[in-house]
Structure formats: C-alpha cells, structure tokens
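# Show me how the following folds:
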Amino acid sequence: MAMRQQERSESTRARLMDAMIECLVERGWSGTTTTEVAQRAGVSRGAQLHHYPTRADLVVAAVAHLGAARFAETREAAAALPVGAGRTRAVLEMLAELHTGPLFRAALELLVAARTDPELHAVVAPLEAEIGRSTHRLTVELLGADESLPGVRTAVQQTLDMVRGLGIDALVSDDRTRRTALLDDWARHLDARLAAATEPPG
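Numbers count the residues shown, from 1 in each chain. As a prediction, the model looks like this:
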C-alpha cells in the first residue's frame, strides 16, 4: 500500500513538473499559473498545493528535474561520439542541441523574469548557477579537456558562451546554415587551442 502511494505521488509530481515546463515554454513566466499547470497535469488544485505550495517551488523542481534528465540523456548519447578526429565538432553539436531544447527555453524565461522579481531571483539564481556548473563539467568531460593546463578553462567557458548565444539566437531565427558554419569554425579553433595547451614549452 505504501509503495503504491509513493508511486502515485511520484507520478503526480512528474506530471506537474512536465506541465510546468510546457507552460513556461508556451506562455512565459507571467502567463504561467499553478491553476493552469494543475489542469494540464490532470491534477487537482489541492494535490498540486500538497506537493508544491508555491509557483516558485514547482518551477525550481521542474527545471531541476528536466535538467537532470537532459544531462543524463546527453551522457548516454555521448557513448556514440567519435573518438579522435571529428569528436570536438560532434561535442559542439551536442551542446548546441542542449541549448535549444525546452530546458534552455524554460530557464531563459525564468532568468528574464527573475531580473525584476526578487522572490523568483532568490530561488532561480542558485538553480541557474548549478545548471551552469553541471554544463561546464559535462563539457570538460566530453572534450576530455584538462583544465589544469593554461587557457583550457577559458576555452571551455568561451565555448559555452557561444552555444548559449546560438540558443538565444535560435529563439528568433532558425538559421541552421549560419550555425553550422560557426560550429565548424569553432571546432577547428578549439582543437588548436586544446592541442597547444598540451604542448610542452619550448
């Protein structure tokens, strides 16, 4: 009995979190209400309040949940990445995809809203910092980069800045030709930077 109740609770939370992300992407923060989220999730208002008393509680849980799922999917997909030539370019493509999906769009909605909402800022800032750290660690792992070497950490951060910029640009313009050219060029540049960092001083 206790196990079935736990499973029902987990299912309810999952539906609420999925509905919250959908609302954020479709309606933005100002257009997202807990009533709308509960209706989309097929959950009573009382059940929603039981699990997530405030809109901020629900949105933080939803973005954290989706972030963990997306990172897990990316790590799983990384097993198919090429080794050697072409790996950096494939990693950049994977990172670009990570920054054009629902997680990125939802997080961006929250960041914009948090700028003028102190209560939201208080819960979103730590969440965004953790997502940033997780993305950085993932990038280092996928590239096989050694951040103890001079310039490597900067190169990784510049890479993430670029794919975030492409993600923002994709919100208003789906210029895949331009994105492909940028990623091709940056892959060559990044390979050269990482190789130079490993060369002994001479």
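# switch to C-alpha atoms for all contacts and neighbour counts from now on
Noted.
# residues in contact with whichever helix or strand Ala56 is part of?
Per DSSP states H and E: Ala56 is located in helix 55-77. Identification of contacts with helix 55-77 by Cα atoms under 8 Å, 6 or more residues apart in numbering yields 16-18, 20-21, 33-34, 52, 94, 98, 103, 106-107, 120, 123-124, 127, 131, 138.
# Tell me the helix or strand right after that helix.
helix 87-98.
# Tell me which residues of whichever helix or strand comes after that following helix come out buried.
Per DSSP H and E, the first helix or strand lying C-terminal to helix 87-98 is helix 102-114. Buried residues in helix 102-114, counted by 16 or more other Cα atoms under 10 Å: 102-111, 113-114.
# before we move on, the earlier item: among the contacts of helix 55-77, which ones are buried?
Buried members of the contacts of helix 55-77, scored by 16+ other Cα under 10 Å, are 16-18, 20-21, 34, 52, 94, 98, 103, 106-107, 120, 124, 127, 131, 138.
# Just those residues: which are in strands?
Counting by DSSP state E, the buried ones among the contacts of helix 55-77 place none of their members in strands.
# In helices, which of those residues appear?
16-18, 20-21, 34, 94, 98, 103, 106-107, 120, 124, 127, 131, 138 (DSSP state H).
# hang on, the earlier thing: could you pull up the mean pLDDT of the helix holding Ala56?
Across helix 55-77, pLDDT averages out at 84.
# What of stretch 97-112?
83.
# that older thread, which one of the buried residues of helix 102-114 sits closest to Ala195?
The shortest approach to Ala195 among the buried residues of helix 102-114 belongs to Phe104, at 30.4 Å (Cα to Cα).
# if I look at Glu22, how far off is Asp175?
24 Å (Cα to Cα, to the nearest Å).
# Between these two, which is the more surrounded one?
The neighbour comparison of Glu22 against Asp175 (other Cα atoms under 10 Å) goes to Glu22, with 17 against 11.
# distance of the more buried one from Ala62?
10 Å.
# Repeat that for Ala187.
Applying Cα to Cα to Ala187 and Ala62 gives a distance of 33 Å.
# Over to Ala77?
From Ala77 to Ala62 the distance is 22 Å (Cα to Cα).
# Name the residue in these two with the higher neighbour count.
Between Ala77 and Ala62, counted using other Cα under 10 Å, Ala62 has the larger neighbour count: 23 against 11.
# Look up how far Val156 lies from that one.
Taking Cα to Cα, one finds Ala62 at 27 Å from Val156.
# Ok, Thr54 next?
Thr54 is 36 Å from Val156, by Cα to Cα.
# Just want to know which of the two has more residues nearby.
Val156 (20 against 12).
# which residues does the more buried one contact?
Val156 touches 136, 139-140, counting by Cα under 8 Å, 6+ apart.
# Highest neighbour count among those residues?
Counting by other Cα under 10 Å, top hit in these: Thr139 with 20 neighbours.
# Just give the nearest non-adjacent residue to it, would you?
Val156 (7.2 Å; Cα to Cα, 6 or more residues apart in numbering).
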